[in-house]
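Colleague: Sharing a model prediction with you, sequence too.
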Amino acid sequence: MSVSSLRRFRAAVAAAAVLTAALGVGTSAAHADTAPTTPTQTRFQEPRDLLRALDFDALAADGWTLTDDEEATEVVELVAETTPAPPPAVTPEELTRIVPGIPAEKVEQFIAPLNDAMARSGIDNPVRQAAFIAQLAVESDSFRTFEEYASGRAYEGRADLGNTHPGDGERYKGRGAIQITGRHNYEKVSEHIGVDFVAHPELLAAPENAFTTAAWYWTSRNLNEVADTAGIVRVSELVNGGHHALGRRIDDFKRGLDVLLQP
């Protein structure tokens, strides 16, 4: 393969890898913004699968060919290099240290959906992860509950929350790992996740939905950028609407950074 042809090929492989990552090809589960219907087959399981997806005939017409195993190996290594690495996962031990009050039996149950929600939502650096976990820890009482302890009557008639029907306050009280509240938010998250939380609000408190819906709330308010730029106080204001338990949120955030930034 000539130098110029190899450069063209490198560009083609890089573009294919980027498009594959951007479109989510290669994951077996549906993205959070689509309703999971039937399981999808994994298409790209390893770098060589991506090579098979490229249009070699068209590339050959452009003047390049793979002439030996050494060049083929170089291409496979190139694909591996251009595939984005997944964000670092939080371990059960790290979660326990960040949120000391979390019940021991909940750690193993919640660690996988927590990491999955963060990975799918770009919560992919220690600042974002520490901020996200700090908010969830306060809103869920250290992951003890995914349903607000109060009855929800205080939200009755709150037009700003979309509670315009009798009984909406109690029906759509805070649920999920980040305590999503109000008919309006229940409608929005239902559209995004593909689960009818309006008709079945109790489903929002189920562990399999609690973290996915929390990640929806987080990204719908662009809180990754807020965490990166404005800081934990502003994140807390956008999650809670005020400064409730702000000291606790800041302390949990600092503890999260200490844990996640350790080598």
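Modeller: Yep, it's here. Residues are numbered from 1 along each chain as shown.

Colleague: G101: how many residues sit nearby?
Modeller: By the criterion of other C-beta atoms under 10 Å, G101 has 11 neighbours. Placement of C-beta: from N, CA and C, glycine included.

Colleague: now swap in R234 and tell me
Modeller: When neighbours are counted by other C-beta under 10 Å, R234 comes out with 14.

Colleague: try Y149
Modeller: 9.

Colleague: ok, now D124?
Modeller: 15.

Colleague: what phi and what psi does the backbone show at it?
Modeller: Per-residue torsions, D124: phi -130, psi 20 (degrees, to the nearest 10).

Colleague: Kindly report the same for F132.
Modeller: Torsion angles, degrees, to the nearest 10, at F132: phi -60, psi -50.

Colleague: so how far is T212 from it?
Modeller: 13 Å (C-beta to C-beta, to the nearest Å).

Colleague: Which one's more surrounded, the two?
Modeller: F132 (29 against 21).

Colleague: how much space between the more buried one and V138?
Modeller: Separation of F132 from V138 (C-beta to C-beta): 11 Å.

Colleague: A177 reaches N209, doesn't it?
Modeller: No. Taking contacts as C-beta atoms under 8 Å, A177 lies outside contact range of N209: 9.2 Å.

Colleague: the more surrounded of these two?
Modeller: A177 (30 against 21).

Colleague: helix, strand or coil for that one?
Modeller: coil (DSSP: H, G, I helix; E, B strand; the rest coil).

Colleague: Could you chop the chain up by domain?
Modeller: The chain breaks down into these structural domains: 3-82, 92-260 (assignment by automatic domain parsing).

Colleague: Any regions of the stretch 151-263 of the chain where pLDDT drops low?
Modeller: Across the stretch 151-263 of the chain, nothing is flagged by pLDDT under 70.

Colleague: so which helix or strand takes in R249?
Modeller: helix 246-260 (DSSP states H and E).

Colleague: list the buried ones in that helix?
Modeller: 249, 252-253, 255-257, 259-260 (16 or more other C-beta atoms under 10 Å).
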